[in-house]
Structures are given as structure tokens and as C-alpha cells.
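Student: Here's a sequence, model it:
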Amino acid sequence: MPRHIEFGKTGENLAAIWLADKGFSILCRNWRHGRYEVDIIAGRSAILHIVEVKTRRSSAYGHPEQSVSRKKLEHMMQGAAGWLHQWPGYHRVQYDVLAITQDKDTPAEYVLFEDVYL
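Tutor: I've put the predicted structure just below:
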């Protein structure tokens, strides 16, 4: 497996652990709907959270959250639509970005951007 793919998977594992520690219930990881994928689907306080995880080794080329484009947000919404079609009943859906910077010499830094929109 290429290093960047492996690093991304590590970031998603860290994200799931961090979110669970913050009171989120992880409902699904790597949910696929057609060609769309959602990294993490979680629930907390009667809100369904659709979470995109971005992990970087440093901020030398920008912060992780800066790589989430309008198109990526649209794809998150399409993936979430597939989830909601199969599991309706959520009255509030929120799109979040969890940015993780993990330098090998320091502990990982987490920043959660909640309720992002176009």
C-alpha cells in the first residue's frame, strides 16, 4: 500500500478514537454511496455528523482543512444522501471537517470544524 494511503488510514483511525473520546458514537466508517465516500458518520446529541478527515505531516503546504474543496463538500452531501435514504429519521445533519496534523516528533493536533457549508 502506498505511504500516503497508509498515512490517511492512520489519520482516520486517530480521528475515530478522538471523536469517540469527545462523546461521538461512530456509526460507520468509509461509507460508500456510488462513487462518493464519507470518512466517518457519527452521532452526538441527536445530530448526525458527516465527517471528512484530513491528515497532514506538517503545515508546510497549508493546513489540512485547506484541502477540502467545494467539490469535496458536495461529494460529502451526496454520500450523506445515500446514508439518509437507508437510515431516515435524522432531523439534523451536520457536515464537519476534522483536521489532524501529525508530525512524527510531536503529538497529533486535532481541530474540528463543525457545521461547515458551501
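Student: Specify the beta-bridge partners of the residue nearest the centre of the chain.
Tutor: Among the residues of the chain, the one closest to the centroid is Glu52, at 2.3 Å (Cα atoms, centre = their mean). For Glu52, the residues forming beta bridges with it (DSSP bridges) are Val97.
Student: Going by residue numbers, what spans are helices in this structure?
Tutor: 3-21, 70-86 (DSSP state H).
Student: which other helices and strands contact the longest one?
Tutor: Packing partners of helix 3-21 (3 or more Cβ pairs under 8 Å, 6 or more residues apart in numbering; DSSP states H and E): strand 25-33, strand 36-44, strand 47-56, strand 93-101, strand 109-113. Every C-beta, even on glycine, is put in place using the N, C-alpha and C of the backbone.
Student: for those strands, which one ends up most surrounded?
Tutor: Of all these, strand 47-56 has the most neighbours on average by mean count of other Cβ atoms under 10 Å, namely a mean of 22.
Student: so that one versus strand 25-33, what angle?
Tutor: Strand 47-56 and strand 25-33 are oriented at 70 degrees to each other (axes from the mean of the first three to the mean of the last three Cα atoms, to 10 degrees).
Student: tell me the angle strand 47-56 makes with strand 109-113.
Tutor: Strand 47-56 runs at 140 degrees relative to strand 109-113, counting by the same axes, to 10 degrees.
Student: which residues does the nearest residue to Arg29 once chain neighbours are set aside form a beta bridge with?
Tutor: The shortest distance from Arg29 to any non-neighbouring residue, by Cβ to Cβ, 6 or more residues apart in numbering, is to Ile40 (5.6 Å). Beta bridges link Ile40 to Arg29, Val51 when assigned by DSSP bridges.
Student: Hmm, Leu48 and Ile40 touching each other?
Tutor: No. With contact defined as Cβ atoms under 8 Å, Ile40 does not reach Leu48; the gap is 11.2 Å.
Student: Export the worst-scoring helix or strand of the chain on mean pLDDT to PDB, keeping only CA atoms.
Tutor: Between all helices and strands in the chain, the lowest mean by mean pLDDT, DSSP states H and E belongs to helix 3-21, at a mean of 86. Below are the C-alpha coordinates for helix 3-21, written out as PDB (Å, rounded to 0.1, in the frame of the first residue of the first chain):
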ATOM      1  CA  ARG A   3       2.700   5.500   2.100                       C
ATOM      2  CA  HIS A   4       0.200   8.300   1.600                       C
ATOM      3  CA  ILE A   5      -2.800   5.900   1.600                       C
ATOM      4  CA  GLU A   6      -1.400   4.200   4.700                       C
ATOM      5  CA  PHE A   7      -1.000   7.600   6.400                       C
ATOM      6  CA  GLY A   8      -4.500   8.600   5.500                       C
ATOM      7  CA  LYS A   9      -5.900   5.400   7.100                       C
ATOM      8  CA  THR A  10      -3.800   6.100  10.200                       C
ATOM      9  CA  GLY A  11      -5.400   9.500  10.300                       C
ATOM     10  CA  GLU A  12      -8.900   8.100  10.000                       C
ATOM     11  CA  ASN A  13      -8.100   5.700  12.900                       C
ATOM     12  CA  LEU A  14      -6.900   8.500  15.000                       C
ATOM     13  CA  ALA A  15     -10.000  10.600  14.100                       C
ATOM     14  CA  ALA A  16     -12.400   7.800  15.100                       C
ATOM     15  CA  ILE A  17     -10.600   7.400  18.500                       C
ATOM     16  CA  TRP A  18     -10.600  11.200  19.100                       C
ATOM     17  CA  LEU A  19     -14.200  11.600  18.200                       C
ATOM     18  CA  ALA A  20     -15.300   8.700  20.400                       C
ATOM     19  CA  ASP A  21     -13.300  10.300  23.300                       C
END
